[in-house]
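Colleague: Here is my input, please return the structure:
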Amino acid sequence: MSTRRQFVNVLVSDSVKLMYTLRRFDLSRNQFFHPTAEAAAAHAKALPKVLPTWPPTQTKMDTKSAAAKEKKKLVRPPPALVNMKSSICSANPEREFKMHCYPLTETKLFFADSSARIFRFDAETRCFTTMPSLHARKRSPLALSVPTSPPTTPIGREDAGEGGCLYIIDGTLKPGDKHGVQFEAIVYRNRDNLLNLNIGNAWHCDALPLPPYVSSPAYEPAPICSYALVGGDTICISTMGIGTYCFNTVYREWYKAGDWMMPFDGKAEYDPELGLWFGVSITNFHLPCAADISGIVRGEEPPLEQTQIWTDIDVPKGWHPRPSHPTQVVSLGSGRFCVTEFFHTLASDGPFERPHPDETFAVFTGVEVALPPDGNGNAKCATMMKHKSVTCRTHVANVIHSVL
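Modeller: Sure thing, here's the model as predicted:
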């Protein structure tokens, strides 16, 4: 059985102070899940399934249910663990103040600013570690981590517990050298030295090749729609109009899997206990989705009929999904997930004025996925049970940037 996480990390941005804050939900407080199997059997609710069609099917919402009313109960976000700001420097001529967070593990997180500087934060010890800078800043970075298991260094060494790799790629790849390095990896390995002596390990930042379609004369920059780690060592990306490509992290080579797309929008995470990948659907990025994409590394297209999508019909009256905020799905281990949805209410300045967004909310819901004994790897057999929801009000000084 896989290990269950103890925390859910949330990166919050304050657009007034130009500051970012890392917060953590403590899962031991039973905010997302019922504490016992008996309580779950009595109160958890199976989410309805919808078909993976385009355009997405519309489901009637239940605005009067007890679960819908529960979502209207607001709680304060968890306390700040650490605050940080991005400074201005010559490597950031456009004066951007963005910061991004990439989890290596539940407790070890990398932060990058708009000037390509990297540091790592250990949430257990609350210790920052400086890291080698990226070769170039990324405008819309996507990241996948490959933690080592077990760690590469033994207990007792000064670098005990170190290890792993973080792969960062720009969300929209552009041809030509003027855009700098657009794909790179932060890797923990032997120190570089002229005598080739074994003097220990260190973090390195390696420039990596781009997929071959970027250098094609016919290529026009297009965003990467979905990405996932498959087989423990292969990064898969799908781009509309181009198809799906795979990067083998061992040999550092790209190859084309097919002209088709993965069934996800954004990042998909693997749950080894279920044998499935989870994310949000490419047909509707507000809905959680599951599929078996293990065959991609062999050039096999994920069967659409084996993709499963769920919807939560318990939505308070007057709440609408925020069009620019996709749902985020984070694996917590052992078939459990945190599904974060973003909503807003609408207001109007007069009877003839168009409605505009008013209040905004982030809803964190704990869900648990189960398969029958003979259903491993078959998403169509999966049942997604909704446990509890926690709702926080968001605003310009408290914007949920990412859930990790």
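
Colleague: now stretch 360-377, how far from the centre of its chain.
Modeller: Here stretch 360-377 is found 16 Å from its chain centre; the criterion is CA atoms, centre = their mean, to the nearest Å.

Colleague: Could I get the buried residue list for it?
Modeller: By neighbour count on 16 or more other CB atoms under 10 Å, the buried set for stretch 360-377 is 360-369, 371, 375. In this view, the C-beta of every residue, glycine as well, is placed from N, C-alpha and C.

Colleague: Next: stretch 17-24.
Modeller: Neighbour-count burial for stretch 17-24, counted by 16+ other CB under 10 Å, picks out 19-24.

Colleague: Let's have the buried residues of stretch 360-377 in TSV, adding secondary structure, pLDDT and distance to A67.
Modeller: Converted to TSV, these look like this (DSSP: H, G, I helix; E, B strand; the rest coil; pLDDT from 0 to 100; distance: CB to CB, whole Å):
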residue	secondary structure	pLDDT	distance to A67
T360	strand	91	20
F361	strand	93	15
A362	strand	94	16
V363	strand	95	11
F364	strand	96	14
T365	strand	95	9
G366	strand	96	12
V367	strand	96	12
E368	strand	96	15
V369	strand	95	18
L371	coil	88	24
G375	coil	64	26
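
Colleague: So A382 sits against Q308, correct?
Modeller: Yes. Here A382 lies in contact with Q308, judged by CB atoms under 8 Å, at a distance of 5.6 Å.

Colleague: what about these two, which has more around it?
Modeller: Between A382 and Q308, counted using other CB atoms under 10 Å, Q308 has the larger neighbour count: 25 against 20.

Colleague: Is that one in contact with T383, as I believe?
Modeller: No. Counting by CB under 8 Å, Q308 does not reach T383; the two are 9.5 Å apart.

Colleague: how close does the nearest residue in space to A362 that is not next to it in sequence get to L18?
Modeller: Closest residue to A362 apart from its sequence neighbours, by CB to CB, 6 or more residues apart in numbering: I400 at 4.7 Å. Using CB to CB, to the nearest Å, one gets 17 Å for the distance from I400 to L18.

Colleague: Where do the strands of the stretch 201-350 of the chain begin and end?
Modeller: For the stretch 201-350 of the chain, applying DSSP state E, counting those that start in this stretch gives strands covering 201-207, 224-230, 234-239, 243-248, 253-258, 264-271, 276-281, 288-291, 308-310, 320-321, 328-333, 336-347.

Colleague: okay if I get those strands as TSV plus distance to Y167 and mean pLDDT?
Modeller: What follows is these, written out as TSV (distance: least, CB to CB, whole Å; pLDDT from 0 to 100):
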stretch	distance to Y167	mean pLDDT
strand 201-207	10	90
strand 224-230	9	97
strand 234-239	6	97
strand 243-248	8	97
strand 253-258	13	97
strand 264-271	12	96
strand 276-281	17	96
strand 288-291	22	96
strand 308-310	27	94
strand 320-321	30	90
strand 328-333	18	96
strand 336-347	23	93
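
Colleague: now those strands in TSV, with distance to R29?
Modeller: Formatted as TSV, the strands of the stretch 201-350 of the chain follow (distance: least, CB to CB, whole Å):
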stretch	distance to R29
strand 201-207	34
strand 224-230	30
strand 234-239	35
strand 243-248	39
strand 253-258	42
strand 264-271	23
strand 276-281	24
strand 288-291	23
strand 308-310	25
strand 320-321	27
strand 328-333	14
strand 336-347	14
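
Colleague: for those strands, which one sits closest to S145?
Modeller: Checking those against S145 by CB to CB gives strand 224-230 as the closest, at 8.1 Å.

Colleague: Only alpha carbons, please: show the closest one as CSV.
Modeller: Taking C-alpha atoms only, strand 224-230 is exported to CSV below (Å, rounded to 0.1, in the frame of the first residue of the first chain):
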residue,chain,number,x,y,z
ILE,A,224,1.5,21.9,-24.2
CYS,A,225,-2.0,20.7,-23.2
SER,A,226,-1.1,17.9,-20.9
TYR,A,227,1.9,16.2,-19.4
ALA,A,228,2.6,13.2,-17.2
LEU,A,229,5.4,10.9,-15.9
VAL,A,230,4.8,7.4,-17.2
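
Colleague: Please name the strands paired to it in the sheet, noting orientation.
Modeller: strand 234-239 (antiparallel), strand 264-271 (parallel) (DSSP bridges).

Colleague: Which one, of these, ends up nearest to V10?
Modeller: Of those, the one closest to V10 (CB to CB) turns out to be strand 264-271, at 15.9 Å.

Colleague: List the buried residues for the closest one?
Modeller: Judged by neighbour count using 16+ other CB under 10 Å, the buried positions of strand 264-271 are 264-271.

Colleague: can I get the buried residues of stretch 360-377 in CSV with distance to E300?
Modeller: Listed next are those as CSV, based on distance: CB to CB, whole Å:
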residue, distance to E300
T360, 41
F361, 40
A362, 37
V363, 36
F364, 35
T365, 32
G366, 33
V367, 28
E368, 29
V369, 23
L371, 21
G375, 19
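
Colleague: gap between C338 and T3?
Modeller: Going from C338 to T3 by CB to CB gives 16 Å.

Colleague: higher neighbour count, these two?
Modeller: Higher neighbour count among C338 and T3: C338, with 23 against 9, using other CB under 10 Å.

Colleague: who's in contact with the more buried one?
Modeller: By CB atoms under 8 Å, 6 or more residues apart in numbering, the contact set of C338 is 8, 25, 32, 329-330, 332, 364-367, 403.

Colleague: One more pass at 7 Å, please.
Modeller: 8, 32, 330, 332, 364, 366, 403 (CB atoms under 7 Å, 6 or more residues apart in numbering).

Colleague: Bridge partners for it, pull those for me.
Modeller: Note on C338: beta-bridge partners by DSSP bridges are V330, G366.

Colleague: ok, back up a step: quick check: the farthest pair among the buried residues of strand 264-271?
Modeller: D265 and D271 (18.2 Å).

Colleague: Give me the neighbour count for S140.
Modeller: 12.

Colleague: Kindly apply the preceding question to S348 instead.
Modeller: Per other CB under 10 Å, the neighbour tally for S348 reads 11.
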